[in-house]
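Asker: Need coordinates for the below:
(one chain, ligands or ions: 1)
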Amino acid sequence: MQETLNKALWLAAKQAPFSVAEAPYTAPRGREVVVRTRAVALNPFDRHLQTIGSLACPWLNYPMVVGHDLAGDVVEVGEAVTRFQPGDRVLGLAGGVDKGRNRAAEGAFQDYVVLLEHMMTPLPAALGYDQASVLPLGLSTAACALFQDEFLALAPPRVQRQRRSETVVVWGGSTSVGANAIQLAVAAGYDVLTTCSPKNVDFVRGLGARQAFDYRSATVVADLVGALGQSRCAGAVAIGTGAASACLDLVVAAGGARTVAVVTPPATFDGIPAGRGRLRKLLPILVGNASGLLKLMWRAKRHGVATPFVWGTALIHNHVGPLIFQDYLPEALASGAFQPSPPCRVAGHGLEAIPAAMAMHEAGLSAAKLVVTL
Ligand SMILES: NC(=O)c1ccc[n+]([C@@H]2O[C@H](COP(=O)([O-])OP(=O)(O)OC[C@H]3O[C@@H](n4cnc5c(N)ncnc54)[C@H](OP(=O)(O)O)[C@@H]3O)[C@@H](O)[C@H]2O)c1
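Answerer: This next block holds a predicted model:
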């Protein structure tokens, strides 16, 4: 049999520069599937793994291949796979850096990726690889926040949704995680209030949010409490710097909700160089995060509110992964009930284009997802 050549964007060691080189082709076992990658999308965490990977994921084996979001074609399936066969067009969450996987063969930034069957969804014919690739980590992180037992523990999303009388607040609705959280909460039957910049109000309303408020406004918390009216708040998803503390104020003022699912830490890890000057930049951020988290926990405890931190790939290991990728998303995408969102912006082609696309990502993005085609 002819050997399949694979290439990957490697992170050879902690804080090393990314570099493209050959990689082994790993055959699938059990419920694994090998996918030929056609498009990958970029997440803030993918580049943070280069600069703070040794702190955020101390378990990582090097050399590592990072990347979470991909769409492509199935080329080989493990002996226990029942949902896919070679030739199928799919999207999937690449879990290579998750503590329970920790395997270069499962990172998205390579030509041939090993995925887990229960974290994959077939693509409808009309959906391109580039637009489909925006989904996996944003969708997974949103689902972890909304549906896991120790988070908002909402009723599951359904294509034929059943309306409920409760409201979910998604702070940061125009982010990739937020766009998915709005749609999932609406599909689960909840009313959704959100925040974003004024220019993105139509975008988040198009995803199903009832009302959107500017997160920079001095009255945003009071505005959200007013918009809740008599509706019980089922909890808040806090996305964006400063979101956790504001969401805590909100659920305390609104009464009723007991959980704020925290997606973004108090201080951003953007702007930390991988090499020279790293410690000087990193230390104040670590101190800011530690003191911000302690303050948040102390205030939350005083008010009897839980503020669990979301780990966006945790659903690989519990009922939420199959609930989303297997039970809900295939029909929701095929019927048009769920829109891959935010819109993709293709930043280049080939593994070599990913580091430059990461730099573009760090420079800032609004209601869009950067994608590299392969
Ligand atoms: N915990 C996890 O497992 C996990 C997983 C994935 C992402 N995250 C985190 O989730 C956040 C969003 O990630 P993403 O990939 O979804 O981001 P993204 O799509 O790249 O975010 C861009 C958006 O952020 C919005 N934004 C900027 N500052 C904000 C603030 N202070 N409050 C609310 N919105 C703000 C902007 O909205 P406007 O243009 O409307 O102003 C912009 O549209 C990041 O902090 C990321 O690190 C965490």
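
Asker: Does the helix or strand Arg38 falls within reach the ligand?
Answerer: Arg38 belongs to strand 32-41 when assigned by DSSP states H and E. No. Taking C-beta under 6 Å from any ligand atom as the criterion, strand 32-41 and the ligand are apart, separated by no less than 9.1 Å. Using the backbone N, CA and C atoms, a C-beta is placed for each residue, glycine as well.

Asker: so what strands line up beside that strand?
Answerer: The strands beside strand 32-41 in its sheet (DSSP bridges) come out as strand 69-77 (antiparallel), strand 112-116 (antiparallel), strand 369-373 (antiparallel).

Asker: how close does Val65 get to Met119?
Answerer: Distance of Val65 to Met119, given as C-beta to C-beta, to the nearest Å: 16 Å.

Asker: cool, and Ser19?
Answerer: 27 Å.

Asker: which residue sits closest to the residue in the chain positioned nearest to the ligand, ignoring its sequence neighbours?
Answerer: The ligand sits closest to Gly240 of the chain, with a gap of 2.3 Å, by C-beta to the nearest ligand atom. Residue nearest to Gly240 in three dimensions, not counting chain neighbours: Gly172, with 3.8 Å by C-beta to C-beta, 6 or more residues apart in numbering.

Asker: what's the answer for Leu9, then?
Answerer: Phe109 (4.0 Å).

Asker: just to revisit the earlier point, look up how far Val177 lies from the residue of the chain closest to the ligand.
Answerer: Spatial separation of Gly240 from Val177 under the definition C-beta to C-beta is 9 Å.

Asker: try His48
Answerer: Note on His48: its distance to Val177, by C-beta to C-beta, is 15 Å.

Asker: where do the helices sit along the stretch 101-250 of the chain?
Answerer: Assigned by DSSP state H, counting those that start in this stretch, the helices in the stretch 101-250 of the chain fall at 129-132, 136-147, 176-187, 201-206, 220-228, 243-254.

Asker: for the fifth one, packing partners?
Answerer: In terms of contacts (3 or more C-beta pairs under 8 Å, 6 or more residues apart in numbering; DSSP states H and E), helix 220-228 is packed against strand 166-171, strand 191-195, strand 211-213, helix 243-254.

Asker: For Ser174, give me its contacts.
Answerer: The contact partners of Ser174, by C-beta atoms under 8 Å, 6 or more residues apart in numbering, come to 196-197, 200, 203-204, 342, 366-367.

Asker: Would you mind giving the residues you listed as TSV with pLDDT added?
Answerer: Shown next, in TSV, are the contacts of Ser174 (pLDDT from 0 to 100):
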residue	pLDDT
Cys196	98
Ser197	98
Asn200	98
Phe203	98
Val204	98
Pro342	97
Ser366	93
Ala367	93
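
Asker: Tell me which ones among the residues you listed also neighbour the ligand, please.
Answerer: Counting by C-beta under 6 Å from any ligand atom, the members of those near the ligand are 196-197, 200, 366-367.

Asker: about what we covered before: where's the residue nearest to Leu9 relative to Asn6, distance?
Answerer: Phe109 is 12 Å from Asn6, where distance means C-beta to C-beta.

Asker: do Thr313 as well
Answerer: From Thr313 across to Asn6, the span is 22 Å (C-beta to C-beta).

Asker: the more surrounded of these two?
Answerer: Using other C-beta atoms under 10 Å, the more surrounded residue of Thr313 and Asn6 is Thr313, with 24 against 18.

Asker: pLDDT wise, what is that one at?
Answerer: Per-residue confidence (pLDDT) for Thr313: 98.

Asker: so it touches Gly95, yeah?
Answerer: Yes. Thr313 is within contact range of Gly95, at 5.3 Å (criterion: C-beta atoms under 8 Å).

Asker: what do those two both touch?
Answerer: Contacts common to Thr313 and Gly95, judged by C-beta under 8 Å, 6+ apart, are His68.

Asker: Now the contacts of Ser174 in JSON lines, please, with extra columns for neighbour count.
Answerer: Shown next, in JSON lines, are those (neighbours: other C-beta atoms under 10 Å):
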{"residue": "Cys196", "neighbour count": "28"}
{"residue": "Ser197", "neighbour count": "15"}
{"residue": "Asn200", "neighbour count": "22"}
{"residue": "Phe203", "neighbour count": "22"}
{"residue": "Val204", "neighbour count": "28"}
{"residue": "Pro342", "neighbour count": "23"}
{"residue": "Ser366", "neighbour count": "12"}
{"residue": "Ala367", "neighbour count": "19"}
